[in-house]
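# what would the 3D arrangement of this be:
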Amino acid sequence: MQGFADKVDRIASNNRRTDIELFQVCRALNEPNVPTLLSLREKGLPAYKAGAWRIDCRSFRKWATTYTPYRPQTKPQTAYEGEPLF
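Next up, the predicted model:
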C-alpha cells in the first residue's frame with residue numbers, strides 16, 4: 001500500500017493541492033471508476049464529498065500505511081512433547 005500512497009502524493013504534488021478528486025486517483029489505484037473506489041469507504045478510505053468526491057492525500061497516506069488486509073488466524077506452533085526423535 002506504500003506504493004499507492006506514493007502515487008497519490010505524486011498526483012497531489014502535480015496539482016499543487018492536498019485534496020484531489022477521486023477520478024484522478026482511479027488509475028493510480030488500478031480501479032476502473034469512482035464507485036468502485038467508494039466501495040472502499042466501508043474499509044476506512046477517507047473520501048468525502050465536496051461538490052465532487054475528493055480525498056486528502058495526507059489522510060490517504062495514513063490510511064494506506066496502517067491498513068492491514070484480512071489475515072487468517074493461525075494456531076501457534078506447539079512443541080513436540082512426545083518421545084525424542086533421535
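# okay, now the unreliable bits of the protein?
Judged by pLDDT under 70, the chain has its weakly predicted residues at 67-73, 75-86.
# now the strands for it?
19-21, 47-50, 52-56 (DSSP state E).
# each with direction, which strands does the first one pair with?
In other words, strand 19-21. Paired neighbours of strand 19-21 in the sheet (DSSP bridges): strand 52-56 (antiparallel).
# tell me the buried residues in the strand it pairs with?
Buried residues in strand 52-56, counted by 16 or more other Cβ atoms under 10 Å: 53-56. Glycine gets a C-beta too; all of them are placed from N, C-alpha and C.
# so can I have TSV of the strands of the chain showing distance to Met1?
Shown next, in TSV, are the strands of the chain (distance: least, Cβ to Cβ, whole Å):
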stretch	distance to Met1
strand 19-21	17
strand 47-50	16
strand 52-56	14
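# do you know which of the ones you listed lies nearest Thr66?
Nearest to Thr66, of all those, is strand 52-56, at 15.1 Å by Cβ to Cβ.
# CA atoms only: put the closest one into PDB for me.
Taking Å, rounded to 0.1, in the frame of the first residue of the first chain, the C-alpha atoms of strand 52-56 are listed here in PDB:
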ATOM      1  CA  ALA A  52     -17.300  16.000  -6.200                       C
ATOM      2  CA  TRP A  53     -15.800  13.100  -4.300                       C
ATOM      3  CA  ARG A  54     -12.400  14.100  -3.000                       C
ATOM      4  CA  ILE A  55      -9.600  12.600  -1.000                       C
ATOM      5  CA  ASP A  56      -6.900  14.300   1.100                       C
END
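# any idea how far the nearest residue to Asn15 once chain neighbours are set aside is from Leu40?
Spatial nearest neighbour of Asn15, excluding adjacent residues (Cβ to Cβ, 6 or more residues apart in numbering): Gln24 at 7.5 Å. Using Cβ to Cβ, to the nearest Å, one obtains 16 Å as the distance from Gln24 to Leu40.
# before we move on, back to that, need the buried residues of strand 52-56 in JSON lines with distance to Lys62, can you?
Output for the buried residues of strand 52-56, formatted as JSON lines (distance: Cβ to Cβ, whole Å):
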{"residue": "Trp53", "distance to Lys62": "18"}
{"residue": "Arg54", "distance to Lys62": "16"}
{"residue": "Ile55", "distance to Lys62": "12"}
{"residue": "Asp56", "distance to Lys62": "9"}
